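>>> need a 3D model of the following:
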Amino acid sequence: MKPIARLLTAFAVVNMLGFVGRVGAKEQQVTWEILKSRLAERRKIMESASEPSTIPRYSRFKGQYLRPEYASLYRTFVKINPESGLLEYEGKVIRPFFTVYSQPKAGGGWILNIPDFDFDLLEKDFARMKEANINVQPRFWSWAELLNYDGTWKKAEKQPKGHGLPYFTYNFQIYDYFLDRAQSHGLYVNIEPSFFWGLHPEVIPPEYRGKILLDEDLWDATCEAYSKILRYFSNRTVIVSAMVGEEDLVFDHALDDPLMQQRFQRYLKRTYGTISNLKHTWRQGYNYEDHSKWTRVTVNNREVIWPAYPLVPGRFDSCRSFEDITLPLLDYYRLPEKPEQPILDLPTYQRNLTHDPCWIDFMQMKEEILIERLNELADRLREADPNHILYYCNAHDFNPAWHFLHCFDRGRLHFDVIGVGQHDADCNPGEVPEWATCREYIQNVASYGPYLTTGFPKGFACGEGQGGKEREGVAAYYPWWLADIVGGGGAFFQSYHWNHIAGRTAENPTNYDSKTLDALRDFLKSIQDTQFKFNKNAEVLILRNKHAAYGMSAGYDFANARYLASILCQLHVPFDILPDSDIAPGPFGTAKVNLSKYRFIFVPAQYQLLPARTWQIIQDWIKDPRAGGKRGLCLGYYADQDSYFAPIKPTEVHPAFAELTGTNGYSRRLEFSGSLALRYARFFGDSARGDQLILDLADQAEIGCFETGNSSAEPLLTIGENGPAVVVRNIVSGNSIFTCGFPLGMAYDPVWGAEKVQEPRNKFNSLFMGMLKTAGIEPSITAPENVTVYVSDNRSCILLKERHGKNTNVTLEINDPSGTIYSGTTASCELEGRVKHQDITIEPYGVRVLKRLAAIQAPGVKWRCKPTPDGGLECVLAATGTVMVTFELEPRTIYSIRENGKLSMVFTTDIHGRQTIAFDLGDGSKAHQISIKPSRR
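Sure, this is the predicted structure:
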């Protein structure tokens with residue numbers, strides 16, 4: 001099922017789920033005029049409304065802890081460390097995992113609203129969640145439930161289920177009690193103010209939910225309501241963060257709304273200045289009024305109309321002012337009968353409008369509005385509640401922009417934490433798309449982490465995520481999915497949902513899936529205080545094309561970026577992912593990422609060429625005289641059209657593009673289907689001259705070819721022995737620029753990308769690693785290609801994740817001057833500062849957590865050490881003469897040493913666990929055996 005179809009299906013079942021403010025309800029339509037009048041009247045009513053004096057100003061804990069030690073968890077607020085991006089409590093790192101709390105509903109579906117919970121079942125659930133190290137995320141922190149029309153606190157219409165409950169006069173008291181029970185069980189809570197399902201239906205009628213970001217009065221009413229709500233709960237230390245976003249913040253395109261039309265026209269005028277400038281940029285467009293190309297087709301055994309439109313050069317030439325510009329079209333198949341009404345459950349997915357320049361600027365305007373509104377919200381919520389972390393979660397990244405709310409300019413967001421959530425619903429680890437085997441690294445670590453250096457955001461986190469089909473798949477999925485966001489430096493982690501993870505049903509609500517919960521418990525316990533910080537020193541950048549992402553050919557952008565990223569993950573070289581609009585040529589770009597930190601840039605595809613600003617920045621970056629021989633660039637397939645889809649000739653490309661590539665563009669384009677054998681024209685990477693690279697292509701895939709005879713570029717890969725070049729290299733300022741005739745992520749579909757996954761998976765590794773090495777980039781970790789590795793900042797922990805379903809014996813090499821020795825491994829050092837770890841096995845789609853047990857520093861000595869079950873070490877030293885060896889073991893512990901089987905000394909480690917010992921290794925002709933054992937006393 002296509003993503004949009006899933007979305008439509010989700011909206012169709014909201015009544016089953018029992019959400020607040022059901023979409024299916026029959027509501028009398030309210031006009032803008034009536035609504036505006038109501039809001040003005042409501043303002044007067046609110047000014048005269050009053051609350052009983054018995055209502056407290058702030059929520060406070062009124063429960064009792066089930067264990068006395070739980071009280072120590074709530075002495076102060078959990079905060080985010082702006083340097084590390086990690087959460088801390090009383091100065092110590094914590095890595096909490098949250099899941100949406102749900103209860104099963106008789107007859108199917110879930111209960112998600114707090115007043116509807118069975119609190120007897122909740123007690124059992126919270127106890128089991130505490131055992132599993134799982135914290136609580138209530139899905140709806142709801143204005144509609146908490147406040148009346150006039151802004152006063154809403155009385156409870158019914159009492160929740162449960163024995164021994166206090167009587168609740170107001171709904172906020174039920175919320176208080178919910179927090180009390182979580183705190184009594186020693187759990188933390190992330191709340192989710194609801195900006196769609198939880199909007200007050202009398203203040204904002206359901207048909208206006210998607211317009212709150214557009215209208216000042218609707219947004220003000222929303223911000224005001226949630227400011228009051230968060231102010232009341234602001235002193236609760238059980239709450240960690242308040243999340244805004246996901247699919248609960250909707251921004252309708254409102255393409256039939258005069259207010260949106262006026263907004264768009266004002267935006268265009270501010271952006272372009274004159275209508276002539278706009279026409280110079282929008283050099284072609286679709287004629288929405290011309291239906292001459294509409295044809296009857298059969299879809300799902302149903303006769304419908306496919307609404308094709310002519311793409312007309314000079315489409316906007318007749319416009320005399322910005323008032324002549326209309327909003328773009330979001331299209332559907334049509335009924336064949338007059339008046340040919342759109343079929344709302346059968347979208348075209350914009351396949352009939354893939355080259356529409358109007359959509360690019362329309363989506364950029366929406367992003368501008370979104371950021372403006374979000375920052376206003378963040379500022380108002382922070383004023384009301386200065387104690388809790390504010391988290392903005394994008395709805396979906398790496399999807400068409402018209403499909404879900406997008407925000408790329410993330411450095412400007414006034415939120416403490418940013419991130420995105422996505423699902424692998426109904427998929428076991430072996431069934432997810434190739435790119436999703438490292439989903440959280442791609443969509444959060446690489447795509448949100450870079451903004452921690454730009455402005456307000458201090459950390460990133462993952463939003464809702466769900467996976468696993470049958471129970472074994474669920475048990476395997478969650479630690480496997482979490483490994484990348486944990487190792488990549490996420491502040492906290494969220495998932496969907498408790499019923500799914502617990503594996504319980506309405507018929508057996510306490511029949512918990514212990515295998516899944518215990519697997520999660522063990523994993524979360526092993527990483528709960530580990531300092532995996534975000535790596536701010538990545539030297540490789542995947543540069544996305546924002547115009548493509550916001551146009552109707554977004555599949556070329558997001559699919560090529562994410563599949564290329566999954567290939568680079570095999571190389572063990574950290575990378576970031578950014579849209580071209582968010583880079584700056586130095587440290588002076590407001591809320592932008594400084595490009596000078598990177599040494600290699602991949603541009604996966606340019607079905608629309610990057611804008612002139614981007615090309616100028618890239619040219620300056622590659623030609624920086626301080627970086628000769630230290631930088632590189634790889635460009636994927638490009639089409640002969642500018643950033644707004646206008647056709648261009650090779651001579652019309654930006655001068656920087658022509659200079660850097662060293663060519664006049666492709667000499668020809670050829671179509672291939674199936675396999676295409678390319679041949680290395682020279683030694684490169686691990687490939688010899690004459691070696692083949694066989695591409696697996698989509699049907700009728702276009703390949704760009706170069707004739708290099710009259711250019712400065714040299715062929716690197718050719719079709720056959722004497723055929724045209726498909727990959728060429730040019731040298732500018734001592735730096736290599738590679739231009740390819742295929743998209744780097746092998747995605748050819750304009751809407752969904754539909755990347756062609758290559759087999760074997762490591763097919764591109766030699767090519768891309770060879771490119772990186774031309775800039776002097778080498779992996780700091782050596783490990784199998786199918787295993788992702790994360791090393792904590794203090795080397796206390798190594799996290800390994802198997803991506804491709806293989807039983808793997810891992811040999812791991814790490815730059816580690818401290819000589820760390822980990823549980824379950826044999827460590828050795830042949831080259832000073834480089835430690836090899838062996839005897840590591842990892843199951844298919846498995847996760848291993850290696851904990852630090854000891855360390856050894858022995859300058860000038862080759863050594864091998866293996867931990868023993870009793871906490872000791874068996875070591876072999878190889879050198880000559882007397883050497884000094886420093887061991888790091890358990891602090892203030894007595895150890896004995898046997899050399900070559902004989903007791904040689906007893907020592908006590910210092911407060912840091914260190915002890916330096918001199919060993920006489922003689923002439924080095926024999927290996928020196930050392931056995932270190934802790935005292936049994």
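>>> quick one: mean pLDDT over the helix or strand where N190 lies.
If you go by DSSP states H and E, N190 is part of strand 189-191. Taken as a whole, strand 189-191 has a mean pLDDT of 98.
>>> now do that strand: distance to the chain's middle.
Centroid separation for strand 189-191 versus its chain: 20 Å, with CA atoms, centre = their mean, to the nearest Å.
>>> after it comes which helix or strand?
helix 216-232.
>>> around A308, how many other residues sit close by?
18 (other CB atoms under 10 Å). Where you see a C-beta, it was placed from the backbone N, CA and C, and this is true even at glycine.
>>> that one belongs to a helix?
No - under DSSP: H, G, I helix; E, B strand; the rest coil, A308 sits outside any helix and is assigned coil.
>>> shouldn't it be in contact with D290?
No - contact between A308 and D290 fails when scored by CB atoms under 8 Å: they sit 9.5 Å apart.
>>> would you mark the buried spots in the helix ranked longest in the chain?
Taking DSSP state H as the assignment, the helix of the chain that covers the most residues is helix 357-384. By 16 or more other CB atoms under 10 Å, the buried positions in helix 357-384 come out as 357-371, 373-375, 377-378, 380-382, 384.
>>> got the angle between that helix and helix 216-232?
Using axes from the mean of the first three to the mean of the last three CA atoms, to 10 degrees, the inter-axis angle of helix 357-384 relative to helix 216-232 is 30 degrees.
>>> which residues touch the next helix or strand after helix 357-384?
Sequence-wise, the next helix or strand downstream of helix 357-384 (DSSP H and E) is strand 389-394. For strand 389-394, the surrounding residues in contact (CB atoms under 8 Å, 6 or more residues apart in numbering) are 78-80, 87, 190, 240-246, 374, 378, 381-382, 405-407, 413-421, 461, 463-464, 491, 494.
>>> give me the pLDDT value at A927.
Reported pLDDT for A927: 88.
>>> beta partners for the closest residue to it other than its chain neighbours?
Leaving aside its sequence neighbours, A927 sits nearest to V876 (CB to CB, 6 or more residues apart in numbering; 4.9 Å). For V876, the beta-bridge partners are R864, Q929 (DSSP bridges).
>>> tally of neighbours for V876?
Count around V876 with other CB under 10 Å applied: 14.
>>> P844 now?
There are 16 residues near P844, going by other CB under 10 Å.
>>> report the contact partners of it.
So P844 contacts G430, E802, H804, G805, K806, N807 (CB under 8 Å, 6+ apart).
>>> did I read that right, the fourth one in a helix?
It refers to G805. No - according to three-state DSSP, G805 belongs to no helix; its state is coil.
>>> so what's it up against?
Contacts of G805 by CB under 8 Å, 6+ apart are P429, G430, P844, Y845.
>>> same question for the last one.
Taking CB under 8 Å, 6+ apart as the definition of contact, the neighbours of N807 are T841, I842, E843, P844.
>>> next: the third one.
Taking CB under 8 Å, 6+ apart, we find H804 in contact with T437, R761, N786, P844.
>>> nearest to F588, of those residues?
T437 (37.9 Å; CB to CB).
>>> check contacts around the residue nearest to that closest one when sequence neighbours are not counted.
Distances taken as CB to CB, 6+ apart place R803 nearest to T437, at 4.2 Å, with adjacent residues excluded. Residues near R803 by CB under 8 Å, 6+ apart: T437, C438, C569, N786, V787, T788, Y845.
>>> thinking again about what came up before, buried ones among the contacts of G805?
Of those, these count as buried by 16+ other CB under 10 Å: P429, P844, Y845.
>>> what's downstream of the helix or strand of the chain with the lowest mean pLDDT, the next helix or strand?
Taking mean pLDDT, DSSP states H and E as the measure, helix 14-17 is the helix or strand of the chain with the lowest mean score, a mean of 29. Note on helix 14-17: by DSSP H and E, the next helix or strand toward the C-terminus is helix 32-48.
>>> check which element follows that following helix along the chain.
Next along from helix 32-48, by DSSP H and E: strand 79-80.
>>> rewinding a little: so which of the contacts of strand 389-394 are in strands?
79-80, 87, 190, 240-245, 417-420, 461, 494 (DSSP state E).
>>> show me where the stretch 401-550 of the chain has helices.
Remark: helices assigned in the stretch 401-550 of the chain by DSSP state H, counting those that start in this stretch are 439-440, 446-448, 471-487, 498-502, 514-527, 546-550.
>>> let me have those in CSV, extended by mean neighbour count, mean pLDDT and distance to N399.
Supplementary listing: the helices of the stretch 401-550 of the chain in CSV, determined by neighbours: other CB atoms under 10 Å; pLDDT from 0 to 100; distance: least, CB to CB, whole Å:
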stretch, mean neighbour count, mean pLDDT, distance to N399
helix 439-440, 24, 96, 13
helix 446-448, 28, 97, 13
helix 471-487, 23, 97, 18
helix 498-502, 23, 97, 22
helix 514-527, 18, 96, 28
helix 546-550, 28, 95, 10
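>>> out of these, flag the one nearest I212.
helix 546-550 (21.7 Å).
>>> that closest one packs against which elements?
helix 357-384, helix 554-568 (3 or more CB pairs under 8 Å, 6 or more residues apart in numbering; DSSP states H and E).
>>> so which of these comes closest to I856?
Of the helices and strands packed on helix 546-550, nearest to I856 by CB to CB is helix 554-568, at 33.2 Å.
>>> how many neighbours does E652 have?
As a burial measure, E652 scores 12 neighbours (other CB under 10 Å).
>>> actually, P160.
P160, neighbours per other CB under 10 Å, totals 19.
>>> ok, it - contacts?
By CB under 8 Å, 6+ apart, the residues touching P160 are P115, D116, F117, D118, F119, F168, I174.
>>> could I get the helices and strands packed on helix 546-550 as a markdown table with mean pLDDT?
Formatted as a markdown table, the helices and strands packed on helix 546-550 follow (pLDDT from 0 to 100):
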| stretch | mean pLDDT |
| --- | --- |
| helix 357-384 | 97 |
| helix 554-568 | 97 |
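>>> strands - which of the contacts of P160 land there?
Short answer: the contacts of P160 have none in strands (DSSP E).
>>> with pLDDT added, can I get those in a markdown table?
Below are the contacts of P160 laid out as a markdown table (pLDDT from 0 to 100):
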| residue | pLDDT |
| --- | --- |
| P115 | 98 |
| D116 | 98 |
| F117 | 98 |
| D118 | 98 |
| F119 | 99 |
| F168 | 98 |
| I174 | 99 |
